[in-house]
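S.K.: Using only what follows, build the 3D model:
(one chain, ligands or ions: 2)
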Amino acid sequence: MAERRKIIIDTDPGQDDAAAIMLAFASPDELEVLGLTAVAGNVPLSFTSRNLRIVCELCGRPDAAVYEGAEKPIARPQVTAEHVHGRTGLDGAELPEPTMTVRKTHAVDFIIETLRREPEGAVTLCTLGPLTNLALALEKAPDIAPRIRELVMMGGGFFEGGNITPAAEFNVYVDPEAAKIVFASGIPIVMMPLDVTHQLLTKKDRVAKIAALGTRPAQVLVDWLAFFERFDVEKYGSDGGPLHDPSVIAYLLKPELFSGRECNVEIETRSELTAGMTVVDWWRVSGRKANARVMRDVDADGFFELLTERVGRL
Ligand code: RIB
Ligand code: CA
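M.R.: Ligands and ions are numbered 1, 2, ... in the order given. Sure thing, here's the model as predicted:
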């Protein structure tokens, strides 16, 4: 077994973020979750913070270290996605309000302090939402960049286009300036774009296997997915919706499920028409230096087998 990885999860729950967090907590032999940081994204920070704590308690982890981060993007008005995730961001299942509290430290300072405390190259960052918290940390403490083992981020798209505009994927679109800072930072990046996550559809037979687990966490996840997928099923006419964020955690657990290549990725921040577009030089025509390992293919059945088996452990 590979050594146990120390990770920080930065997230804007979101039903698909919840699935990713469940997968991480269900894998304690492989992953040590040092902390989880909430960012405004799918819904405002007050809800992403609440939702993050709801997911921690659902997973039996009221002890988890939860921190609140940025309430809005670095330089743009907040854009949210209630049309996908519902008013609360976790619509679809009725759960009690969380009783666990957030830690006093700001998420940006938690990220900085943890990276300075832990040995160089020991901590992997997993971002499931806009990159605002990480970008602010890199701006405030540039010394942390070489200390990061790698960043595995859900965001961007290329062959698949965008999902919030024709050109841009939501996480990058919400805060393109943050994404630009992160992709220019020199940290090793693994990018999970829509090109991968649109292959991870919550098909009926896949969801049925999660429901068959018969546990409360599994049933809550099934209820969340039933709500979450309806927007994309309507939009794409597909069997199920794309389960974006767990791809980040699955990559840490079984990287062999994924394939991609080192590419240059630049972020559009000036154009109104294509703001937030991730310009992926897949065919290496620009001569620009590769700054990310961009994933393009995934074993979707293998991914859902992993997710189902692990959720069954909660
Ligand atoms: O575009 C999909 C991404 O935006 C996912 O992380 C989803 O949770 C939203 O944050
Ligand atoms: Ca997310």
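S.K.: So G162 lies in a strand, does it not?
M.R.: No: counting by DSSP: H, G, I helix; E, B strand; the rest coil, G162 is not found in a strand; it is coil.
S.K.: Which residue ranges of the protein form helices?
M.R.: 15-25, 45-58, 82-85, 107-117, 132-140, 170-174, 176-183, 194-197, 204-211, 216-236, 246-253, 300-311 (DSSP state H).
S.K.: Any part of the fifth one near ligand 1?
M.R.: No: contact of helix 132-140 with ligand 1 is not found when judged by CB under 6 Å from any ligand atom; the minimum separation is 11.9 Å. Every C-beta, even on glycine, is put in place using the N, C-alpha and C of the backbone.
S.K.: quick one, which of the helices of the chain is nearest to V152?
M.R.: Closest of the helices of the chain to V152 is helix 246-253, at 4.8 Å (criterion: CB to CB).
S.K.: What residues does the residue nearest the centre of the chain make contact with?
M.R.: In the chain, the centroid-proximal residue (CA atoms, centre = their mean) is L128; its distance is 1.6 Å. Residues counted as contacts of L128 (CB atoms under 8 Å, 6 or more residues apart in numbering) are 9-12, 14, 16-17, 20, 154, 171, 244-245, 248.
S.K.: which residue sits closest to L252, ignoring its sequence neighbours?
M.R.: R5 (5.9 Å; CB to CB, 6 or more residues apart in numbering).
S.K.: what is the one you found paired to in the beta sheet?
M.R.: Following DSSP bridges, R5 is listed with bridge partners L31.
S.K.: Model confidence for the residue of the stretch 201-314 of the chain found nearest ligand 2, exactly?
M.R.: Residue nearest to ligand 2 within the stretch 201-314 of the chain (CB to the ion): D245, separated by 4.9 Å. Predicted confidence (pLDDT) at D245: the value is 98.
S.K.: check contacts around whatever residue of the stretch 51-200 of the chain ends up closest to ligand 1.
M.R.: Closest approach between the stretch 51-200 of the chain and ligand 1, counting by CB to the nearest ligand atom: F170, at 3.6 Å. Taking CB under 8 Å, 6+ apart, we find F170 in contact with 41-42, 79, 81, 163-164.
S.K.: Please list which of those residues also come close to ligand 1.
M.R.: Okay, of these touching ligand 1 (CB under 6 Å from any ligand atom), that's 41-42, 163.
S.K.: can you tell me the distance between the two ends of stretch 197-214?
M.R.: Taking CA to CA, to the nearest Å, the first and last residues of stretch 197-214 lie 26 Å apart.
S.K.: Over to stretch 261-268?
M.R.: 21 Å.
S.K.: Now do the buried residues in that stretch.
M.R.: 263-268 (16 or more other CB atoms under 10 Å).
S.K.: Which residues outside that stretch are in contact with it?
M.R.: 156, 167-168, 172, 176, 179-180, 183, 189, 191, 274-282, 284, 286, 288-294, 296.
S.K.: quick one: it to chain centroid distance?
M.R.: How far stretch 261-268 lies from its chain's middle: 18 Å, per CA atoms, centre = their mean, to the nearest Å.
S.K.: Quick check: mean pLDDT of that stretch?
M.R.: 98.
S.K.: and what of stretch 211-231?
M.R.: With pLDDT averaged residue by residue, stretch 211-231 scores 97.
S.K.: now that stretch: how far from the chain's centre is it?
M.R.: The answer for stretch 211-231 is 19 Å, by CA atoms, centre = their mean.
S.K.: My understanding was that R5 contacts T124; is that so?
M.R.: Yes: in terms of CB atoms under 8 Å, R5 counts as a neighbour of T124; the distance is 5.5 Å.
S.K.: so what sits against both of those two?
M.R.: 149, 252.
S.K.: So for these two, which sits in the more crowded spot?
M.R.: Neighbour totals were compared for R5 and T124, and T124 leads with 22 against 18 (other CB atoms under 10 Å).
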